[in-house]
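A.B. asks: From the sequence below, what's the structure:
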Amino acid sequence: MTIMGEGTSSQETPEGLFLVWLFAQPQGADIATAARLEITRMGRMEIATETRARLIGMLIQAAVTPQCVNRKTRRQRH
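C.D. replies: Numbering: from 1, shown residues only. All right, here's what the predicted structure looks like:
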């Protein structure tokens, strides 16, 4: 689902649009990859510059934030 998909309005806040996008992702989806894909789509959207900038900022955070840490590969304290 794209951020400005069916049922969304250009009048919504960037945070609201991000949450709609995030919750529309299927269970088990690779959020980082989906966020990077969404960033590439942002260039074609007709939304206000400030809204676009805030959305891209949130998507960048989603793209670089680890979703889980594998306990076996996590650095151990000694």
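A.B. asks: When you work out contacts or count neighbours from here on, use the C-alpha atoms and nothing else.
C.D. replies: Will do.
A.B. asks: Now Q25, what are its backbone angles?
C.D. replies: Comment: the main-chain dihedrals of Q25 come out as phi -70, psi 140, following degrees, to the nearest 10.
A.B. asks: which residues of this structure score low on pLDDT?
C.D. replies: Flagging of the chain using pLDDT under 70 yields the residue ranges 1-11, 66-78.
A.B. asks: Next, the buried residues of the longest helix along it.
C.D. replies: Using DSSP state H to assign secondary structure, the helix with the most residues in the chain is helix 49-64. For helix 49-64, a neighbour-count test (16 or more other Cα atoms under 10 Å) marks T51, R52, L55, I56, M58, L59, I60, A62, A63 as buried.
A.B. asks: Tell me the one of those residues nearest T33?
C.D. replies: Distance to T33 across those (Cα to Cα) is lowest for A63, with 6.5 Å.
A.B. asks: excluding its backbone neighbours, what's nearest that closest one?
C.D. replies: Distances taken as Cα to Cα, 6 or more residues apart in numbering place A32 nearest to A63, at 3.8 Å, with adjacent residues excluded.
A.B. asks: Give me the three-state assignment for the one you found.
C.D. replies: Three-state secondary structure (criterion: DSSP: H, G, I helix; E, B strand; the rest coil) places A32 in helix.
A.B. asks: and the residue nearest to T51 when sequence neighbours are not counted, what does it touch?
C.D. replies: Across the structure, with Cα to Cα, 6+ apart as the measure, the residue nearest T51 apart from its sequence neighbours is P14 (5.6 Å). For P14, the contact set (Cα atoms under 8 Å, 6 or more residues apart in numbering) comprises T51, R52, R54, L55.
A.B. asks: A62 too?
C.D. replies: The neighbourhood of A62, defined by Cα under 8 Å, 6+ apart, consists of I31, A32, A35.
A.B. asks: If anything else comes up later, I'll come back, but that's it for now.
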